[in-house]
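[1] Got a sequence here, can you model it:
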Amino acid sequence: MKTKTQICIIDDEKHGRDYIALLLKKEFPEMEISFEASSVEEAYIYLTKNTPDILFLDIRLNDGTAFDLLSKFKEIPSQIIFITAFENFAIQAIKNGATDYLLKPIKKIDFVIAVNKALENIKKTQPVQNNPLQDNKIILSTLQGFRVIGIADIVRCEADSSYTTFYLINKTKIMVSKTLHEFEMVLPDLNFFRIHHKHLINVDHLQEYIKGRGGQVVMSDGSVLDVSFRRKNDFLHKIGNVD
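    Now for the predicted structure:
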C-alpha cells in the first residue's frame, strides 16, 4: 500500500533534479521521490506503468518537449508542475492541465506554493471510502487491531518518519504506521492545522501562542511546540490573529 506522496521529476539537467529533490527534503520531508528521468522516452516508459501524485516536468528535454510526452497519453491524473527557463510556454502549460508553472531559477516560496496547491488538489479528489473519519471519530489501525478515537479527544499529532503519534486528552499516546501527511489530508480543516513539518495540532486545544520568528504554541496537555516560520502567517490567520 502506498503510504507517502509519490514524486516524479523529469528534467534533462541533473542539477535541476537535485535542486528539486533538495527542496522536497527540506520543505516536504514526508514525500518520496519514486522516479527521476531526463528524457521523453524514459518518462513515457515510467508513466505507462505508474501514476505519481505529483509530476515535476521540465518543458525542454533531451529528446523533445513536455508537450510531446503529454500528447502520448489521453490523460495523466498526476498533479503536473511545469518547470522551464522560458516564460513563453505558460499558456501552453495551462492548456495542458498545469497545476502550476515554475520559472528557473526556482524560488523556494514559489515552489512551496506550487506543491501546496498540488496537495490541495489531491485532497479534493480523495475517495470517500478511503477516509477513516466516521461521525466525528477517526479509526486508527494499531498492531493489536484498531482504535476508534473522537476527533475532539485529539490534542495533537506528531510525525516520526513514516509513523504518526496521536496525543489524547487522557494523556495516552497512540502510534500509527502512517505519515502525518495522510492524517493532515483527512482530519477536518476546521479543527486542525499543521504548524510544523512535525506537528499537526487541534486548534480547539490551543491555549497560548508565544511570539518569535515562527513562534511557539502551548497546548492543553502542556506541550510547547514550534511553529515553522513559513507557516506562521497562515496559522495566525487561522486563529484570527495577525502578528
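[2] who touches the longest helix that the chain contains?
    Ranked by number of residues, the top helix in the chain under DSSP state H is helix 108-124. With C-beta atoms under 8 Å, 6 or more residues apart in numbering as the test, helix 108-124 has contacts from 5, 20, 23-24, 27-28, 53-54, 79, 81, 99-100, 102-103, 181, 185, 230. Just so you know, the C-beta spots here come from the backbone N, C-alpha and C atoms, and that holds for glycine as well.
[3] For the residue located most distally from the centre of the chain, give me its contacts.
    Distance from the C-alpha centroid of the chain peaks at Asp63, with 30.8 Å (C-alpha atoms, centre = their mean). Contacts for Asp63 (C-beta under 8 Å, 6+ apart) come out as Ser39, Val40, Glu41.
[4] for the helix or strand the last one falls within, which positions count as buried?
    Element membership of Glu41 [criterion: DSSP states H and E] is helix 40-47. For helix 40-47, the buried set under the neighbour-count rule, 16 or more other C-beta atoms under 10 Å, comprises Val40, Glu42, Ala43, Tyr44, Tyr46, Leu47.
[5] and what of stretch 109-128?
    Phe111, Val112, Ala114, Val115, Ala118, Leu119, Ile122.
[6] And for Ile59, nearest residue in space, chain neighbours not counted?
    Using C-beta to C-beta, 6 or more residues apart in numbering and skipping residues adjacent in sequence, the residue nearest Ile59 is Thr84, 4.0 Å away.
[7] for the chain, which spans come out with low pLDDT?
    1-3, 90-91, 93-96, 124-135, 144, 241-243 (pLDDT under 70).
[8] So the spatially closest residue to Glu36 that is not a sequence neighbour versus Leu103, what's the distance?
    Once flanking residues are discounted, Glu36 sits nearest to Ile9: 4.8 Å by C-beta to C-beta, 6+ apart. Plainly put, Ile9 is 17 Å away from Leu103 if you go by C-beta to C-beta, to the nearest Å.
[9] The host helix or strand of His181 - contacts with which helices or strands?
    Under the criterion of DSSP H and E, His181 resides in helix 180-186. Secondary-structure packing of helix 180-186 (3 or more C-beta pairs under 8 Å, 6 or more residues apart in numbering; DSSP states H and E): helix 108-124, strand 154-160, strand 163-168, strand 192-196, strand 199-202.
[10] Is it possible to get TSV of those that adds distance to Glu13?
    Below are the helices and strands packed on helix 180-186 laid out as TSV (distance: least, C-beta to C-beta, whole Å):
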stretch	distance to Glu13
helix 108-124	16
strand 154-160	32
strand 163-168	35
strand 192-196	32
strand 199-202	35
